[in-house]
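In: could you look at this predicted model? Sequence included:
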Amino acid sequence: MTATLLDGLGVLVTNDPTHPHGDGTPLGRLVDGAVVLADGAIAWVGPRRMAPAVDVRLDLGGRALLPGFVDSHTHLVFARDRVGDFTAVTGGRPEAAGGIASTVAATRAADDAALRTTATRLRGELTRAGVTTVEVKSGYGLTIADEARCLALAGELTDEVTFLGAHVVPPEYAQDRAGYVALVCGAMLDACAPAAHWVDVFCDVGAFDVDEARAVLLAGQERGLGLRVHANQHAPGPGVQLAVELGAASADHCTHLTDRDIEALAAGSTVATLLPTADLGVRGPFPDARRLLDAGAVVALATDCNPGTSFTTAMPLVVALGVLALGMTPDEAVWAATAGGARALRRGDVGQVRVGARADLLCLDAPIPEYLAYRPGVDLVHAVWRAGTVVHRGR
Ligand SMILES: [Zn+2]
């Protein structure tokens with residue numbers, strides 16, 4: 001076993017408020033801290049002067065070290081981009097946009113190799129942006145066979161695979177919504193549940209109503225899947241309340257929330273996952289993270305990487321928007337993109353720098369993590385470790 005000591009740190013973010021040498025805040029910052037990695041895990045965390053003897057020592061030159069980002073919401077498996085939609089909408093011709101249905105048609109027509117190439121390329125982008133854990137959804141197949149193969153491809157990239165057969169009603173079921181919901185709740189979930197860890201449903205205007213969404217979530221739960229909900233993106237509605245009522249791990253988007261929604265999230269176990277680049281992609285508005293946090297809700301930040309509204313893998317930009325557009329403090333945004341994402345996936349082994357956690361780390365070419373928001377859009381990633389192995393070296 002080779003033990004590696006990372007020292008010469010600027011600030012170390014542990015997300016461990018109980019660390020005896022930390023500052024006691026949720027980020028658990030250590031100044032002049034050090035970390036030992038061994039066998040893919042964090043073996044020791046503490047002040048540099050107390051570090052144990054090791055085989056290899058790496059001096060990080062005064063740079064900040066934090067847990068790798070946990071991106072708990074992506075749609076990486078699809079064919080063909082939608083830059084035509086983007087051009088149409090930003091050019092003032094929204095009626096010319098093809099929407100999700102055009103991605104569904106392209107995905108169905110694509111072979112596995114093409115889908116794999118796109119998804120793998122985007123996963124690589126996420127790694128270079130500091131993401132060490134990613135959730136990946138299906139949702140552009142919308143037939144039994146196409147959803148099953150999209151889940152299998154997602155499973156090549158991550159263990160956090162989500163079945164999103166209830167993304168939208170596909171065109172061939174436009175006159176038979178009930179028939180499509182029955183298909184999802186029956187034969188499609190039978191075929192897909194073994195390849196997934198989660199079931200998700202788009203409960204919103206233009207997608208599925210609350211009764212349809214409830215049926216899909218309960219059918220997934222019966223087959224052992226954890227629950228996630230796309231909720232309240234386009235308009236106020238029942239999605240957030242449904243997610244909390246059913247104990248979903250996460251309600252995602254939360255752009256349009258009532259006081260009752262905020263109270264429910266604060267009182268329940270459901271994480272509010274905010275996706276500010278998706279809000280940016282449709283030119284706002286943004287969710288009010290300040291109200292959620294002040295009420296006591298747990299907030300995560302994620303990219304929502306998808307070819308329509310948020311074709312980005314730039315997790316540092318998501319953190320910057322959390323601060324600059326959503327009203328979060330830098331500490332809250334960094335926590336939401338690391339520990340918050342882990343909470344949204346109910347993972348205890350990632351999103352933190354504690355003994356026993358997976359050695360997933362992000363080193364910034366900056367002394368403190370505030371630079372993520374202070375320098376929006378600038379690539380500050382110096383190095384990324386996943387399970388103790390360097391997976392990217394940047395600036
Ligand atoms: Zn989404």
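Out: Thanks, I have the structure now.
In: pLDDT value on the nearest residue to F86 once chain neighbours are set aside, please?
Out: Leaving aside its sequence neighbours, F86 sits nearest to F311 (C-beta to C-beta, 6 or more residues apart in numbering; 7.8 Å). For the C-beta atoms, the positions are set from N, CA and C on the backbone; glycine is no exception. Here the pLDDT value assigned to F311 is 97.
In: F311: neighbour count?
Out: 18 (other C-beta atoms under 10 Å).
In: just checking, it touches L280?
Out: No. Taking contacts as C-beta atoms under 8 Å, F311 lies outside contact range of L280: 11.3 Å.
In: secondary structure class for V70?
Out: Secondary structure assignment for V70 (DSSP: H, G, I helix; E, B strand; the rest coil): strand.
In: excluding its backbone neighbours, what's nearest it?
Out: G341 (3.0 Å).
In: enumerate every residue touching the residue nearest to V271 when sequence neighbours are not counted.
Out: Leaving aside its chain neighbours, V271 sits nearest to A344 (4.2 Å; criterion: C-beta to C-beta, 6+ apart). Neighbour list for A344: 70, 72-73, 249-250, 271, 273, 300, 302 [criterion: C-beta atoms under 8 Å, 6 or more residues apart in numbering].
In: please redo it, this time with the cut-off set to 10 Å
Out: 70-73, 135, 160, 228, 248-252, 270-273, 298-302, 336, 351 (C-beta atoms under 10 Å, 6 or more residues apart in numbering).
In: narrow those residues to those in strands?
Out: The strands, defined by DSSP state E, take in 70-71, 135, 160, 228, 250-252, 271-273, 299-301 from the contacts of A344.
In: tabulate these (CSV), appending pLDDT, distance to M1 and neighbour count.
Out: As requested, the ones in strands among the contacts of A344 are arranged in CSV below (pLDDT from 0 to 100; distance: C-beta to C-beta, whole Å; neighbours: other C-beta atoms under 10 Å):
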residue, pLDDT, distance to M1, neighbour count
V70, 99, 26, 30
D71, 98, 30, 31
E135, 98, 31, 30
E160, 98, 28, 27
R228, 98, 37, 31
S250, 98, 36, 30
A251, 98, 42, 30
D252, 98, 39, 30
V271, 98, 35, 28
A272, 98, 40, 32
T273, 98, 37, 31
V299, 98, 37, 26
A300, 99, 33, 29
L301, 98, 35, 32
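In: isn't W44 right up against A34?
Out: Yes. Between W44 and A34 there is a contact under C-beta atoms under 10 Å: 7.9 Å.
In: and these two? Which one has more around it.
Out: Per other C-beta under 10 Å, whichever of W44 and A34 has more neighbours is A34, with 24 against 16.
In: helix, strand, or coil at that one?
Out: Quick answer, by three-state DSSP: A34 is strand.
In: per-residue confidence for it?
Out: The predicted local confidence for A34 is 97.
In: which residues does it contact?
Out: A34 neighbours (C-beta under 10 Å, 6+ apart): 5-9, 12, 44-52, 54, 57, 60, 65.
In: mind checking which of these land in strands?
Out: 5-9, 12, 44-47, 57, 60, 65.
In: nearest to D111 among the residues you listed?
Out: L65 (41.3 Å; C-beta to C-beta).
In: which residues does the nearest residue to P236 once chain neighbours are set aside contact?
Out: Nearest-residue entry for P236: H256, 4.5 Å, with adjacent residues in sequence omitted and distances by C-beta to C-beta, 6+ apart. If a contact means C-beta under 10 Å, 6+ apart, then H256 has 204-205, 231-237, 239-240, 285, 287-288 as its contacts.
In: buried ones only from these, please, as a ChimeraX command.
Out: Of these, the buried ones go into a single ChimeraX selection, burial set by 16 or more other C-beta atoms under 10 Å:
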select :204,231,232,233,237,239,240,287,288
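In: any chance of the contacts of H256 in TSV, plus distance to C150?
Out: Output for those, formatted as TSV (distance: C-beta to C-beta, whole Å):
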residue	distance to C150
D204	21
V205	25
A231	22
N232	25
Q233	21
H234	24
A235	28
P236	31
G237	27
G239	23
V240	26
P285	31
P287	28
D288	33
